[in-house]
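**Q** A structural model of the following input is requested.
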Amino acid sequence: MGRKRSPGLYKRGKTYHIDKVVRGIRINESSRSSDLDEAEKYLAKRVEEIRSASIYGKRPDHTFSEAATRYLKENIHRKSIADDASRLKGLLPFIGNKLLAEIHDDAMRAYVEDLRGKGRKSKTVNNGLEVVRRILKKAASKWRDELTGKTWISGIPLIENVDWGDARKPYPISWIEQKYLLAAMPEHIAEPSLFGLHTGCREGEICSLKWEWEVEIPEGSVFVLPEWVTKNGEERVVVINAVARSILEAQRRKHPTRVFTYPGRGKDKGTRFPLQTIYNSAWKSGRERAADLYEQEMHENAPWGFRHLRVHDLRHTFGRRLRAANVAKETRSALLGHKTGDITTHYSEAEIQELIDAVGKIAGSNPRNSPALTLIRAVSRQ
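**A** This next block holds a predicted model:
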């Protein structure tokens, strides 16, 4: 009969695990193998790493897979972690078994070419490369070996983005296209879409919007988005014009916490559920109907950008309409929530009035003036 035991190894299920103290350091981890010989080789490797670190101060080796696992655990709270996990799933077959010190621009070539061969866009590839850079930055600056106190790697290699000239241009819609689009959408998609057209909010901001973020001011109310909701990680004030206000009032009392919801069906009929996304099958079929109706009534082909409209194009439309209304660039940046380094949740009377007047221009109405000084602060950090 073959051997079944070895000092420092024990079997849990079908896999051998390590439980051994070496130079005062306890190794307690999986060998990732059900074969005893392979498990012993892995244990010997870990013992040698600790010995080299203890005697020579050598950094223990870590694979990208180990680093990716730690990154996901540490960032489980991030709103985009699901996207990062999906990108890492595609990266691991190419670099998962590589040591962190072996990852550089050339090491990413197979990954890049694979996605290019599958017809993926430059932006998709660059999103994956950004996750790699983020992990390497953690490994070079934050994560440290418990024995040597050194970071996992000594420095961050240069990994450049790709540019295949395939970036899709924004498509701000016209007023007539807006009419066809909203008419073709179900109510629970049309309402947040119109809200986005009049506030410049991103899809995630719209779907996450909570009533507790609404702040009353003499001029009416605004929403203060917490930093964990916005893309740039800074609090953002969403100024409401007459059209956006009418949409909000139509949503009140539909749900106790969330602004935008969708109706349940079947046994859930009569119940409202928080909206998770705007870009779904309803959006895709709706934009097709809108383009078809456009062609029928306008007697011309619908523009490609309109038939393939993205939710983010609503934000581009907001920005373009502000510019067409001669709204200053600095004001547009504030309304769009661009990162400027300013404390954007504090406004004087003149500043808040300027923002209100700006969004009023694209609603076709100008809100009343107010002589009061307005100070807006985030009211919740939950």
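
**Q** my understanding was that Leu209 contacts Phe223; is that so?
**A** Yes: with contact defined as CB atoms under 8 Å, Leu209 reaches Phe223; the gap is 6.6 Å. C-beta here means a position set from N, CA and C on the backbone, and glycine is covered the same way.

**Q** and Leu92, what element?
**A** Element membership of Leu92 [criterion: DSSP states H and E] is helix 81-95.

**Q** just the CA atoms of the next helix or strand along the chain from that helix, as CSV, please.
**A** Counting by DSSP H and E, the element after helix 81-95 in chain order, helix or strand, is helix 109-117. Listed next in CSV are the C-alpha coordinates belonging to helix 109-117 (Å, rounded to 0.1, in the frame of the first residue of the first chain):
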residue,chain,number,x,y,z
ARG,A,109,0.7,39.7,-24.6
ALA,A,110,-1.1,36.4,-24.9
TYR,A,111,-4.1,37.8,-22.9
VAL,A,112,-4.2,40.9,-25.1
GLU,A,113,-4.0,38.9,-28.4
ASP,A,114,-6.6,36.4,-27.2
LEU,A,115,-9.2,39.1,-26.6
ARG,A,116,-8.3,40.9,-29.8
GLY,A,117,-8.8,37.7,-31.7
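
**Q** and helix 109-117, what other elements does it pack with?
**A** Contact partners of helix 109-117 among helices and strands, from 3 or more CB pairs under 8 Å, 6 or more residues apart in numbering; DSSP states H and E: helix 81-95, helix 122-141.

**Q** which residues are in contact with the last one?
**A** In other words, helix 122-141. The contact list for helix 122-141, computed with CB atoms under 8 Å, 6 or more residues apart in numbering, reads 62, 64, 67-68, 70-71, 74, 83-84, 87-88, 90-91, 95, 100, 103, 108, 111-112, 115-116, 151-157, 159, 161-167.

**Q** now it, how far from the centre of its chain.
**A** On the basis of CA atoms, centre = their mean, to the nearest Å, helix 122-141 sits 14 Å off its chain's mean C-alpha point.

**Q** now the angle between helix 81-95 and it, please.
**A** Helix 122-141 and helix 81-95 meet at an angle of 80 degrees, taking axes from the mean of the first three to the mean of the last three CA atoms, to 10 degrees as the criterion.

**Q** after helix 122-141, which helix or strand is next?
**A** helix 175-184.

**Q** which residues are contacting that next one?
**A** 173, 190, 193-194, 197, 286-287, 289-291, 293-294, 297-298, 303, 306, 309, 317.

**Q** pLDDT score assigned to the closest residue to Asn97 other than its chain neighbours?
**A** Excluding its sequence neighbours, the residue lying closest to Asn97 (CB to CB, 6 or more residues apart in numbering) is Thr63, at 5.9 Å. pLDDT for Thr63: 93.

**Q** tell me who's in contact with Thr63.
**A** Counting by CB under 8 Å, 6+ apart, Thr63 touches 96-100.

**Q** mind redoing it with 7 Å?
**A** 96-99 (CB atoms under 7 Å, 6 or more residues apart in numbering).

**Q** of the helices and strands packed on helix 109-117, which stretch is the most buried?
**A** Most buried of those, by mean neighbour count (mean count of other CB atoms under 10 Å): helix 122-141, with a mean of 18.

**Q** just the C-alphas of that helix, formatted as CSV.
**A** What follows is helix 122-141, C-alpha atoms only, in CSV (Å, rounded to 0.1, in the frame of the first residue of the first chain):
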residue,chain,number,x,y,z
SER,A,122,-9.6,48.1,-26.6
LYS,A,123,-11.5,49.4,-23.6
THR,A,124,-12.4,45.8,-22.5
VAL,A,125,-8.7,44.8,-22.7
ASN,A,126,-7.6,47.9,-20.8
ASN,A,127,-10.1,47.3,-18.1
GLY,A,128,-8.5,43.9,-17.5
LEU,A,129,-5.0,45.4,-17.5
GLU,A,130,-6.1,48.0,-15.0
VAL,A,131,-7.1,45.3,-12.5
VAL,A,132,-3.6,43.7,-13.0
ARG,A,133,-1.9,47.1,-12.3
ARG,A,134,-4.1,47.6,-9.2
ILE,A,135,-3.1,44.3,-7.8
LEU,A,136,0.6,44.8,-8.5
LYS,A,137,0.4,48.2,-6.8
LYS,A,138,-1.0,46.6,-3.7
ALA,A,139,1.8,43.9,-3.8
ALA,A,140,4.5,46.5,-4.2
SER,A,141,3.3,49.0,-1.6
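
**Q** so who does Gly305 touch?
**A** Counting by CB under 7 Å, 6+ apart, Gly305 touches Tyr171.

**Q** now do the helices in the protein.
**A** Using DSSP state H, the helices of the chain run over residues 36-56, 64-74, 81-95, 109-117, 122-141, 175-184, 187-199, 203-208, 242-251, 281-298, 304-307, 312-324, 329-336, 349-361.

**Q** residues in contact with the fourth one?
**A** Meaning helix 109-117. Under CB under 7 Å, 6+ apart, the answer for helix 109-117 is 91, 94-95, 124-125, 128, 162.

**Q** in JSON lines, list those residues along with pLDDT and distance to Thr261.
**A** Below are the contacts of helix 109-117 laid out as JSON lines (pLDDT from 0 to 100; distance: CB to CB, whole Å):
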{"residue": "Leu91", "pLDDT": "97", "distance to Thr261": "36"}
{"residue": "Phe94", "pLDDT": "97", "distance to Thr261": "41"}
{"residue": "Ile95", "pLDDT": "96", "distance to Thr261": "41"}
{"residue": "Thr124", "pLDDT": "95", "distance to Thr261": "31"}
{"residue": "Val125", "pLDDT": "97", "distance to Thr261": "36"}
{"residue": "Gly128", "pLDDT": "97", "distance to Thr261": "33"}
{"residue": "Val162", "pLDDT": "95", "distance to Thr261": "40"}
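
**Q** export the residues you listed to JSON lines and append columns for distance to Lys11.
**A** Formatted as JSON lines, the contacts of helix 109-117 follow (distance: CB to CB, whole Å):
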{"residue": "Leu91", "distance to Lys11": "31"}
{"residue": "Phe94", "distance to Lys11": "32"}
{"residue": "Ile95", "distance to Lys11": "30"}
{"residue": "Thr124", "distance to Lys11": "42"}
{"residue": "Val125", "distance to Lys11": "42"}
{"residue": "Gly128", "distance to Lys11": "37"}
{"residue": "Val162", "distance to Lys11": "46"}
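
**Q** alright, calling it a day.
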